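Novice: Mind folding the following:
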Amino acid sequence: MRKIYSVLVENRSGVLSKVAGLFARRSFNIDSLVVGETDDRTVSCMTIVSNGDERTLQQIEKQLNKKIDVIKVKTFDEPDAISRELMLIKLRYNKTNRRDIMENCDIMGAQIVNIAKSTMLVQICDEPENIETFIGMMRSISIVEIARTGTVALPKCTE
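Specialist: All right, here's what the predicted structure looks like:
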């Protein structure tokens, strides 16, 4: 079972380390961790995706709420959220597979953002599952390097 935690924290040094340490000490797994400033420069939002049984996921929320630097914790399940991840993937290409790469990019909504003699850089911003699908499609091509942001998410609108 996976859960998304949106954690508002004080924007100061050491906070990320404290939150990551909480997970490490308790042997909780972090599937994804993204941190960025909010519209208030003194507050950052941590989006943490974790998995475990119901008890473990509840314990994570309780432990996060105990942290002094934590302002607010919101949790939501994946079906109740809009999630996105950005990935840059560098591919080695040749005359025979170039067209396939371009067609796969069109199908998945990815964009070629840089191209050289034998490599190209592709970006895709989509749901984490679709990012995995795109990687699977590119496995038959020579993947040189991948950089991923991790998941950012907000609960779906209800009003």
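
Novice: Number of residues surrounding Phe102?
Specialist: Actually, residue 102 is Met. It isn't Phe. 15 (other CB atoms under 10 Å). Any C-beta I mention is one placed from the backbone N, CA and C, and that applies to glycine too.

Novice: In contact with it, which residues?
Specialist: If you count contacts by CB atoms under 8 Å, 6 or more residues apart in numbering, Met102 has them with Ile112.

Novice: That one sits in which helix or strand?
Specialist: Using DSSP states H and E, the element containing Met102 is helix 98-108.

Novice: buried residues in that helix?
Specialist: Buried residues in helix 98-108, counted by 16 or more other CB atoms under 10 Å: Ile101, Asn104, Cys105, Met108.

Novice: Check the gap between the residue nearest to Gln63 when sequence neighbours are not counted and Leu16 for me.
Specialist: Sequence neighbours aside, Leu22 is the residue nearest to Gln63 in space, at 5.5 Å (criterion: CB to CB, 6 or more residues apart in numbering). Noted for Leu22: a distance of 11 Å to Leu16, by CB to CB, to the nearest Å.
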